[in-house]
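Colleague: structure, please.
(chains A and B)
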Amino acid sequence: EPEVTQTPSHQVTQMGQEVILRCVPISNHLYFYWYRQILGQKVEFLVSFYNNEISEKSEIFDDQFSVERPDGSNFTLKIRSTKLEDSAMYFCASSDRGYTEAFFGQGTRLTVV
Amino acid sequence: AQTVTQSQPEMSVQEAETVTLSCTYDTSENNYYLFWYKQPPSRQMILVIRQEAYKQQNATENRFSVNFQKAAKSFSLKISDSQLGDTAMYFCAFMKPWTSGTYKYIFGTGTRLKVLA
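Modeller: Numbers count the residues shown, from 1 in each chain, chains lettered A, B, ... in the order given. Purely as a prediction, here's the structure:
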């Protein structure tokens, strides 16, 4: 069964360092998303991406964040200068027609120390 | 702005019994989609069930069913014959349609369900 794959599963980084979280969406999907879940809290929307551009971003997704689909298969989330409060579980998701359900990856746990 | 409220932070149910998780939402949209996602201890988000707002018939998926009350903006999840593997965090989610500019989920705060042996 096709699935969304995220790497790494856990990343520890020093405050101020850049991190790149990687995702391989399901191959025929056209809509891509990043969500974040701070431990014990709800899942929050970060950004949606369609047709090689951002279609919407939340207020969390400030200038420190960027997304890219560099090669037609990977979908990455970059945080330029990490802060302690960026520590969270980051989920990538994809869907084929947008209004259908999104399939989520298993998440990347980011710990900023 | 849309909001999703899950008023039960934690619930427990005996194995084989039935449990209902509540969800209410607020929106001015007429067409939208509602979902229940399950997050087991592995933390992966797994779709449980989906409901289109324009459909009056409640969605059903095996032991999982919803009670969708559009006028009341209520979308509860019923789990029948609860199994130990149903132990997880359950999130209710709202999605507005593309005509509103984009697709994205708005999640509730979740209900932690524990199934007791």
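Colleague: so, low pLDDT: which residues of chain A?
Modeller: A:98 (pLDDT under 70).
Colleague: correction: the previous question concerned chain B.
Modeller: Using pLDDT under 70, chain B drops low at B:98-102.
Colleague: up against chain A, what does it have?
Modeller: B:33, B:35, B:37, B:42-47, B:50, B:91, B:95, B:97-98, B:101-110 (CB under 8 Å from any CB of the partner chain). No exception for glycine: its C-beta is placed from N, CA and C like everyone else's.
Colleague: any of those buried? List them.
Modeller: B:33, B:35, B:37, B:43-45, B:47, B:50, B:91, B:95, B:97, B:102-110 (16 or more other CB atoms under 10 Å in any protein chain shown).
Colleague: can you count the residues close to A:S87?
Modeller: 17 (other CB atoms under 10 Å in any protein chain shown).
Colleague: ok, the residue nearest to it when sequence neighbours are not counted - contacts?
Modeller: Take A:S87 and drop its neighbours on the chain: the residue closest to it by CB to CB, 6 or more residues apart in numbering or on different chains is A:V112, 4.8 Å away. A:V112 makes contacts with A:V12, A:T13, A:Q14, A:M15, A:T82, A:K83, A:L84, A:E85, A:D86, A:S87, as judged by CB atoms under 8 Å, 6 or more residues apart in numbering or on different chains.
Colleague: please, a ChimeraX command that selects the buried ones among those?
Modeller: This is how ChimeraX selects the buried members of the contacts of A:V112, with burial counted by 16+ other CB under 10 Å:
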select /A:13,82,86,87
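Colleague: hmm, which two among the contacts of A:V112 are most spread apart?
Modeller: A:V12 and A:E85 (15.4 Å; CB to CB).
Colleague: what helix or strand is the residue sitting nearest the centre point of chain B located in?
Modeller: The centre of chain B sits closest to B:W36, judged by CA atoms, centre = their mean, with a distance of 3.1 Å. B:W36 belongs to strand B:33-39 when assigned by DSSP states H and E.
Colleague: tell me what the residue nearest the centre of chain A is bridged to.
Modeller: The centroid of chain A falls nearest to A:W34 when counting by CA atoms, centre = their mean (3.4 Å). As for beta bridges, A:W34 partners with A:V47, A:C92 under DSSP bridges.
Colleague: hey, C-alpha coordinates of the helix or strand where A:R109 lies in PDB?
Modeller: Applying DSSP H and E as the criterion places A:R109 in strand A:108-112. Provided in PDB are the C-alpha atoms of strand A:108-112 (Å, rounded to 0.1, in the frame of the first residue of the first chain):
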ATOM      1  CA  THR A 108       9.700  13.500  12.400                       C
ATOM      2  CA  ARG A 109      10.400  14.400  16.000                       C
ATOM      3  CA  LEU A 110      12.500  17.500  16.200                       C
ATOM      4  CA  THR A 111      14.300  18.300  19.400                       C
ATOM      5  CA  VAL A 112      16.000  21.700  19.700                       C
END
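Colleague: now do the closest residue in space to A:L77 that isn't next to it in sequence against B:M95, distance only.
Modeller: Taking CB to CB, 6+ apart, and ignoring the residues beside it in sequence, A:L77 has A:L21 as its nearest neighbour in space, at 4.5 Å. Distance from A:L21 to B:M95, counting by CB to CB, to the nearest Å: 23 Å.
Colleague: also A:T108?
Modeller: 23 Å.
Colleague: what does B:Q56 give?
Modeller: For B:Q56, the distance to B:M95 - CB to CB - is 19 Å.
Colleague: ok, and the closest non-adjacent residue to residue 44?
Modeller: Unless you meant another one, I'm taking chain A. With CB to CB, 6+ apart as the criterion, A:E44 has its nearest non-adjacent residue at 5.2 Å, and that residue is A:R36.
Colleague: hm, I was asking about chain B
Modeller: Per CB to CB, 6+ apart, closest to B:Q44 is A:Q106, 4.6 Å.
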